[in-house]
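Novice: what follows is a predicted structure for the sequence shown.
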Amino acid sequence: MSPTALSAGPEHGHVTFLGAGPGDPGLLTLRAVEALANADVLVAEHEVLDVVRQHARQGVSEVHTDTDPSQDPAPGTGAPQLTVVDGTSTTAPVPAVRDAAHLVMEAARGGRRVVRAVSGDPGLDTYAAEEMLACVAAGVPFEVVPGIASAVGVPAYAGVPLRDAQGADVRFVDARTASDRCWTEVGASDGTVVVSTTLDSVAAAAGELVSAGRKPDTPMTVTVGGTTTRQRTWTATLGTIAQTLKQAKVLPSPDGGRPVIAVVGERSAAAQRDQLAWFESKPLFGWKVLVPRTKEQAASLSDQLRSYGAVPHEVPTIAVEPPRTPQQMERAVKGLVTGRYEWIAFTSVNAVKAVREKFEEYGLDARAFAGIKVAAVGEQTAKALIAFGVKPDLVPSGEQSAAGLLEDWPPYDPVFDPIDRVFLPRADIATETLVAGLIELGWEVDDVTAYRTVRASPPPAETREAIKGGGFDAVLFTSSSTVRNLVGIAGKPHNVTVIACIGPATAKTAEEHGLRVDVMAPEPSVHKLAEALADFGAKRRAAALEAGDPVTRPSERRPGARRRRSTT
């Protein structure tokens with residue numbers, strides 16, 4: 001989309017004013033996700049775009065609004081920018097745009113569907129109503145999709161209920177715009193007060209409440225980064241919050257302070273937060289976990305880590321390339337069509353992808369598998385087959401590995417099996433376990449190199465420095481090759497980083513590279529590995545609380561000497 005495209009065409013489009021919630025993308029409503037999927041243009045601040053863009057379609061345009069509308073836009077001076085999200089990160093200035101309402105109107109021209117996303121709920125946004133009136137004046141139809149208000153969502157994530165069984169009164173105050181009369185009214189009340197303010201101004205807001213009549217010993221909680229893995233909550237009173245933040249070394253910020261939600265009141269359950277803080281007490285809360293796999297391979301694993309409160313960071317350690325000599329693969333695919341095989345066994349998602357690409361090259365589809373039994377080594381491979389239109393006949397009931405597959409594989413029976421041959425497309429570095437096991441069961445095996453695995457390119461310098469400098473709290477090693485390749489392309493993880501390995505062979509390789517293994521999966525499964533890391537994190541947290549120590553992440557510790565690998 002060109003920079004001038006925003007002004008093209010006289011037709012009016014449609015605008016959806018959408019509440020993006022307090023920060024957790026999982027809090028978007030179903031209607032919000034639907035609107036985002038159909039949007040042509042997203043208009044929002046950078047932080048809000050980070051929340052909503054994952055649900056937008058490929059090729060959607062982004063218009064950033066977090067600039068000063070009173071300043072003349074000029075190249076290189078922070079003018080509003082239009083970014084076309086098509087995988088190329090193209091950016092160009094938006095011409096003659098003065099404010100967010102104008103941005104929305106311009107974006108809607110030409111019949112485009114615009115999503116104007118705001119933090120929290122549109123009904124509580126300072127300027128959303130003005131932008132809606134601008135739509136009315138311009139004859140642009142619009143709708144409103146409510147979102148979870150930060151003043152409600154953040155306390156819920158902080159473990160601070162706003163009402164109790166007695167139904168205490170709840171007042172909401174925006175300290176940035178509150179008048180003296182407003183402070184007087186909430187000060188005279190004995191109900192719960194939810195204050196939207198900034199970290200730099202929260203002590204001043206507490207002072208306003210004390211001046212208005214609230215007792216200095218009234219309980220108070222302050223939450224920054226609410227509903228995200230950056231969330232942090234302090235519990236104090238109106239009279240002690242300034243000292244609490246000082247002791248926590250919360251320093252003034254140059255941008256005027258990060259937004260916070262403070263909850264004040266005798267009935268705000270601040271005293272019970274230790275029991276109710278469900279979000280910040282997740283076993284891996286805030287842990288930055290390195291997953292040495294591609295985003296496609298790590299999708300379900302990363303989702304599992306997020307459920308434990310972690311922040312997964314995928315770094316591919318291998319790249320997949322076609323075999324050096326494709327003739328063997330071509331003969332095998334033709335053999336599928338001509339009835340050469342009784343079975344085809346897939347031992348990885350990459351094997352499914354390689355066969356699928358070869359099928360597309362020949363104009364074939366899933367119907368070519370008719371009459372052939374299909375085996376998958378595990379759930380992820382099975383999902384890749386189902387996405388291809390093929391439901392596997394055999395998936396291991398136990399261990400998801402070559403050994404597990406052999407446990408369930410039937411022996412060749414000349415009475416019931418008209419063909420005794422198995423097609424096994426796999427990587428060039430695969431082990432012989434499955435081939436030997438199938439031969440022992442009486443099958444003939446066409447062991448075909450479907451793809452080659454090579455070491456991936458090094459990650460960005462920032463990631464390499466984080467790996468070597470202790471920026472990651474944990475790293476998950478899912479094979480010996482991920483250990484060798486990660487060390488090869490990025491260097492050894494820092495000694496404070498927790499090392500988690502999927503099995504004994506991987507652990508041995510890690511130790512050979514001078515790493516101490518802290519976590520071992522009870523069985524060779526990436527999901528069991530993530531569970532084991534979560535158990536480790538939970539025990540570490542419990543030990544800190546029992547000792548009366550603050551709960552910290554591994555990356556927050558900087559011992560003077562490097563950790564040596566275990567010799568036991």
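Specialist: Received the coordinates, thanks. All values derive from a computational prediction rather than experimental measurement. Residues are numbered from 1 along each chain as shown.
Novice: identify the residues contacting stretch 529-545?
Specialist: 281, 283-284, 287, 289, 301, 304-305, 308, 474, 476, 478, 498, 500-502, 518-522, 550-552 (C-beta atoms under 8 Å, 6 or more residues apart in numbering). C-beta here means a position set from N, CA and C on the backbone, and glycine is covered the same way.
Novice: are any of the residues you listed buried, and if so which?
Specialist: The neighbour count (16 or more other C-beta atoms under 10 Å) marks 281, 283-284, 287, 289, 301, 304-305, 308, 474, 476, 478, 498, 500-502, 518-521, 551 as buried among these.
Novice: need the contact list for the residue lying closest to residue 485 once chain neighbours are set aside.
Specialist: Closest residue in space to residue 485, ignoring its immediate chain neighbours: residue 317 at 3.7 Å, by C-beta to C-beta, 6 or more residues apart in numbering. Contact analysis of residue 317 by C-beta under 8 Å, 6+ apart lists 292-293, 455-456, 481-482, 485-486, 489.
Novice: could you pull out the strands for the stretch 351-500 of the chain?
Specialist: Using DSSP state E, counting those that start in this stretch, the strands of the stretch 351-500 of the chain run over 373-376, 421-427, 444-455, 474-477, 498-501.
Novice: thinking again about what came up before, in CSV: the contacts of residue 317, plus neighbour count, distance to residue 468 and pLDDT.
Specialist: Listed next are the contacts of residue 317 as CSV, based on neighbours: other C-beta atoms under 10 Å; distance: C-beta to C-beta, whole Å; pLDDT from 0 to 100:
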residue, neighbour count, distance to residue 468, pLDDT
292, 26, 15, 89
293, 22, 20, 78
455, 15, 18, 85
456, 19, 17, 88
481, 19, 20, 85
482, 24, 17, 90
485, 21, 15, 92
486, 26, 11, 94
489, 20, 12, 93
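Novice: in CSV: these, plus distance to residue 243.
Specialist: CSV is the format used below for the contacts of residue 317 (distance: C-beta to C-beta, whole Å):
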residue, distance to residue 243
292, 44
293, 46
455, 53
456, 50
481, 53
482, 47
485, 50
486, 44
489, 47
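Novice: closest one of the residues you listed to residue 136?
Specialist: residue 293 (49.8 Å; C-beta to C-beta).
Novice: tell me the contacts of that closest one?
Specialist: When contacts are counted by C-beta under 8 Å, 6+ apart, residue 293 touches 301, 314, 316-317, 478, 482.
Novice: does it lie in a helix or a strand, and which?
Specialist: Here residue 293 is covered by no helix or strand, with elements defined by DSSP states H and E.
Novice: residue 530 versus that one, what's the distance?
Specialist: 12 Å (C-beta to C-beta, to the nearest Å).
Novice: which residues touch the residue nearest to residue 197 when sequence neighbours are not counted?
Specialist: Leaving aside its chain neighbours, residue 197 sits nearest to residue 175 (3.9 Å; criterion: C-beta to C-beta, 6+ apart). Residues in contact with residue 175 (C-beta under 8 Å, 6+ apart) are 195-197, 201, 204-205, 208.
Novice: doesn't residue 15 lie inside a strand?
Specialist: Yes - applying DSSP: H, G, I helix; E, B strand; the rest coil, one finds residue 15 inside a strand.
Novice: surely it meets residue 140?
Specialist: Yes - counting by C-beta atoms under 8 Å, residue 15 does reach residue 140; the two are 5.8 Å apart.
Novice: find the residues that touch each one of the two.
Specialist: residue 108.
Novice: quick one, which of the two is more surrounded?
Specialist: Applying other C-beta atoms under 10 Å to residue 15 and residue 140 shows that residue 15 carries more neighbours, namely 28 against 18.
Novice: quickly list what that one is bridged to.
Specialist: Listed beta-bridge partners, residue 15: residue 114, residue 142 (assigned using DSSP bridges).
Novice: so how far is residue 57 from it?
Specialist: 17 Å.
Novice: from the chain's centroid, how far away is stretch 236-251?
Specialist: Relative to its chain's centre, stretch 236-251 lies at 31 Å (C-alpha atoms, centre = their mean, to the nearest Å).
Novice: what's the mean pLDDT across that stretch?
Specialist: In this model, stretch 236-251 has an average pLDDT of 89.
Novice: what residues of that stretch count as buried?
Specialist: Judged by neighbour count (16+ other C-beta under 10 Å), stretch 236-251 contains these buried residues: 236-241, 244-245, 250.
Novice: now those residues in CSV, with distance to residue 126?
Specialist: Converted to CSV, the buried residues of stretch 236-251 look like this (distance: C-beta to C-beta, whole Å):
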residue, distance to residue 126
236, 28
237, 30
238, 26
239, 31
240, 31
241, 25
244, 29
245, 26
250, 26
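Novice: which ones among these map onto helices?
Specialist: Using DSSP state H, 241, 244-245 are the members of the buried residues of stretch 236-251 that sit in helices.
Novice: columns distance to residue 331 on top of the residues you listed, output as TSV?
Specialist: What follows is these, written out as TSV (distance: C-beta to C-beta, whole Å):
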residue	distance to residue 331
241	74
244	72
245	70
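Novice: which one of the residues you listed sits closest to residue 186?
Specialist: residue 241 (16.2 Å).
Novice: okay, that closest one and residue 41: tell me how far apart.
Specialist: 42 Å.
Novice: do residue 223 as well
Specialist: Residue 223 is 32 Å from residue 41, by C-beta to C-beta.
Novice: one more: residue 419?
Specialist: Counting by C-beta to C-beta, the gap from residue 419 to residue 41 is 56 Å.
Novice: show me which of these two is the more surrounded one.
Specialist: Set side by side, residue 419 and residue 41 show more neighbours around residue 41, with 27 against 16, by other C-beta under 10 Å.
Novice: give the contact list for that one.
Specialist: With C-beta under 8 Å, 6+ apart, residue 41 has these contacts: 60-63, 107-108, 112-115.
Novice: same thing but at 7 Å, please
Specialist: 60-61, 63, 107, 112, 114 (C-beta atoms under 7 Å, 6 or more residues apart in numbering).
Novice: and for residue 29?
Specialist: 145, 147.
Novice: against residue 535, how distant is it?
Specialist: 34 Å.
Novice: just residue 222 next, same as before
Specialist: In terms of C-beta to C-beta, residue 222 sits 31 Å off from residue 535.
Novice: between the two, which one's more packed in?
Specialist: residue 222 (27 against 14).
Novice: which residues does whichever strand or helix holds the more buried one contact?
Specialist: Under the criterion of DSSP H and E, residue 222 resides in strand 219-224. With contacts defined as C-beta under 7 Å, 6+ apart, strand 219-224 is touched by 154, 158, 160, 199, 202, 206, 231-238, 241, 258, 260-266, 268, 270-271, 273.
Novice: now stretch 272-286
Specialist: Outside stretch 272-286, the residues touching it (C-beta under 7 Å, 6+ apart) are 157-160, 221, 229, 231, 233, 235, 269, 305, 308-311, 533-534, 537-538, 541, 553.
Novice: tell me where the model's unsure across the stretch 101-250 of the chain.
Specialist: Low-confidence regions of the stretch 101-250 of the chain, defined by pLDDT under 70, span residues 165, 167.
Novice: ok but residue 534 is inside a strand, no?
Specialist: No - the assignment for residue 534, made by three-state DSSP, is helix rather than a strand.
Novice: next, the contact list for residue 176, please.
Specialist: residue 197.
Novice: need the outlier residue of this protein, farthest from its centre.
Specialist: residue 415 (51.7 Å; C-alpha atoms, centre = their mean).
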